[in-house]
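**Student:** what would the 3D arrangement of this be:
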Amino acid sequence: MKGIWIPESGSLKSYSATTKGGAKSVIKIEVDIADHRDLGFFLRELDEIVAAQKASKTPPRKPAAGKAAPPLALPSPLLQLPYYHEEGAAE
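**Tutor:** Next up is the predicted model:
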């Protein structure tokens, strides 16, 4: 689990929590940040958390149903038909 760092130029303004149906809860947090650089770092950190959560929830892609899977082995060799010399040909 990743923690959220509030910079020194920031302060916790308010927070609230809501529960619906007892299964999930939502927490809303308001943070005041005075420095623009700290705001950028804070937003980048939040974006990294979202990206990590999406990556862990995304199932691996399955091949499309319409496309045939590539062959896993080499094709069978050609038939080896015997060679008969032509009659009357010089050998």
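**Student:** CA atoms for contacts and neighbours, from now on please.
**Tutor:** OK.
**Student:** what about the strands in this protein?
**Tutor:** Ranges of strands in the chain, per DSSP state E, are 10-20, 24-33.
**Student:** state the mean pLDDT of the first one.
**Tutor:** Per-residue confidence for strand 10-20 averages out to 93 on the pLDDT scale.
**Student:** pLDDT at the residue nearest to the spatial centre of the chain, what is it?
**Tutor:** Note on the chain: the residue nearest the mean C-alpha position is Ala55, at 4.2 Å, using CA atoms, centre = their mean. With respect to pLDDT, Ala55 has a value of 85.
**Student:** Ile27 pairs with what?
**Tutor:** Ala17 (DSSP bridges).
**Student:** enumerate every residue touching Gly42.
**Tutor:** Residue 42: Phe, not Gly. Trp5, Ile6, Pro7 (CA atoms under 8 Å, 6 or more residues apart in numbering).
**Student:** nearest residue to the first one in space, please, no chain neighbours.
**Tutor:** The one in question is Trp5. Phe42 (7.4 Å; CA to CA, 6 or more residues apart in numbering).
**Student:** state the distance from that neighbour to Val31.
**Tutor:** 10 Å (CA to CA, to the nearest Å).
**Student:** so what's in contact with the two at the same time?
**Tutor:** Ile6.
**Student:** can you pull the buried residues of the lowest-mean-pLDDT helix or strand in the chain?
**Tutor:** For the chain, scoring each helix and strand by mean pLDDT, DSSP states H and E identifies helix 36-57 as the least confident one, at a mean of 90. Buried positions in helix 36-57, judged by neighbour count with 16 or more other CA atoms under 10 Å: Asp38, Leu39, Phe42, Glu45.
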